[in-house]
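J.: sequence unknown, structure follows:
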């Protein structure tokens, strides 16, 4: 039986529903409704859906950036609530988040070496010599030259910046990575390169991925399992090959019929 990297049960995230100043209550908006899903160890679960479907809200809850209204989560066998009680460091050592806009996610005032140094020092507790050696290893893993460490984010293209952002996530030595639209801001040719890199890194570092995207072709190319979200709910899920070959839900069928395929 496979170890579960992420297990989500009946997860809900609501906004609003507060008492108004002059009486009555505002209606709660359910960004995520009763979502249950599992990411098996060493696999990629793709979450696909249109903007506003709840994909990114789900991702932010998994990594501790949002607090669920109700439901349960386990991260690598540990209760989400226990990780939350320990703080951001506990999440950072277990699970890392890669953002959609790689350039904006990097501090423009810090060199890449300084950016990579922080998780190595704070989360892994390495000394200076160890951090320098590990920085070289991380840059090599994402196929960036060693002199990258002395340069600043604005000196890199979007694809290069995303490789650096991935290296920063790897610096924490996480077991799980949540990738929120990680290639949507990149050119198509660069997208393919980054997707190949992510697959190679998953094998090399024994990672599990939660991969968020609105792009069906991207999700199909990288995912082992797929969950389709619509208005905050998972309306269909299953093995990627089967789901894309024979979707059963009307919304999934609509998405597939209106989107380009690989």
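T.: Great, that's in hand. The structure presented is a predicted model; accordingly, all values stated were derived computationally and were not measured.
J.: where exactly do the strands run in the chain?
T.: Along the chain, the stretches classed as strands by DSSP state E are 4-16, 28-40, 44-48, 70-75, 78-79, 95-98, 176-180, 208-213, 225-230, 233-239.
J.: Give me the sheet partners of the first one and which way each runs.
T.: It refers to strand 4-16. Sheet pairing of strand 4-16 (DSSP bridges) gives strand 28-40 (antiparallel), strand 70-75 (antiparallel).
J.: how about those strands in CSV, adding mean neighbour count, distance to residue 209 and mean pLDDT?
T.: The way it works is simple: take the backbone N, C-alpha and C, and place the C-beta from them, glycine included. CSV is the format used below for the strands paired with strand 4-16 (neighbours: other C-beta atoms under 10 Å; distance: least, C-beta to C-beta, whole Å; pLDDT from 0 to 100):
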stretch, mean neighbour count, distance to residue 209, mean pLDDT
strand 28-40, 18, 7, 91
strand 70-75, 18, 14, 95
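J.: where's the closest residue to residue 210 other than its chain neighbours relative to residue 91, distance?
T.: By the measure of C-beta to C-beta, 6 or more residues apart in numbering, the closest residue to residue 210 outside its immediate chain neighbours is residue 178, 4.6 Å from it. For residue 178, the distance to residue 91 (C-beta to C-beta, to the nearest Å) stands at 10 Å.
J.: higher neighbour count, these two?
T.: When residue 178 and residue 91 are compared for neighbours, residue 178 comes out ahead with 28 against 22, by other C-beta atoms under 10 Å.
J.: show me what contacts the more buried one?
T.: Residue 178 makes contact with 59, 62, 63, 95, 96, 97, 98, 209, 210, 212 under the criterion C-beta atoms under 8 Å, 6 or more residues apart in numbering.
J.: ok, 7 Å please
T.: Contacts for residue 178 (C-beta atoms under 7 Å, 6 or more residues apart in numbering) come out as 59, 62, 63, 95, 97, 210.
J.: Most neighbours among those, which one?
T.: The most crowded member of these, judged by other C-beta under 10 Å, is residue 210 (26 neighbours).
J.: That one bridge partners, please.
T.: Beta-bridge partners, per DSSP bridges, of residue 210: residue 45, residue 178.
J.: Okay, helices next: where are they in the stretch 1-150 of the chain?
T.: 55-62, 80-86, 88-94, 102-105, 112-122, 128-141 (DSSP state H, counting those that start in this stretch).
J.: Excluding chain neighbours, what is closest to residue 88?
T.: residue 64 (6.7 Å).
J.: cool, and residue 150?
T.: Among residues not flanking residue 150 along the chain, residue 111 sits closest, at 5.9 Å (C-beta to C-beta, 6+ apart).
J.: any idea how far the one you found is from residue 142?
T.: According to C-beta to C-beta, residue 111 stands 16 Å off from residue 142.
J.: And residue 197, by the same measure?
T.: Using C-beta to C-beta, residue 197 is found at 6 Å from residue 142.
J.: one step back: may I see the strands paired with strand 4-16 arranged in TSV, with distance to residue 244 as well?
T.: TSV is the format used below for the strands paired with strand 4-16 (distance: least, C-beta to C-beta, whole Å):
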stretch	distance to residue 244
strand 28-40	17
strand 70-75	27
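J.: returning to that earlier point: who's more crowded, residue 111 and residue 142?
T.: Neighbour count, other C-beta under 10 Å: between residue 111 and residue 142, residue 142 has more, with 22 against 16.
J.: Make sure the more buried one is actually in contact with residue 162.
T.: No - counting by C-beta atoms under 7 Å, residue 142 sits too far from residue 162 to count as a contact (8.9 Å).
J.: Just the pLDDT for the residue lying closest to residue 123 once chain neighbours are set aside.
T.: Residue nearest to residue 123 in three dimensions, not counting chain neighbours: residue 172, with 4.7 Å by C-beta to C-beta, 6+ apart. Residue 172 carries a pLDDT value of 95.
J.: What of residue 260?
T.: Model confidence at residue 260, given as pLDDT, is 61.
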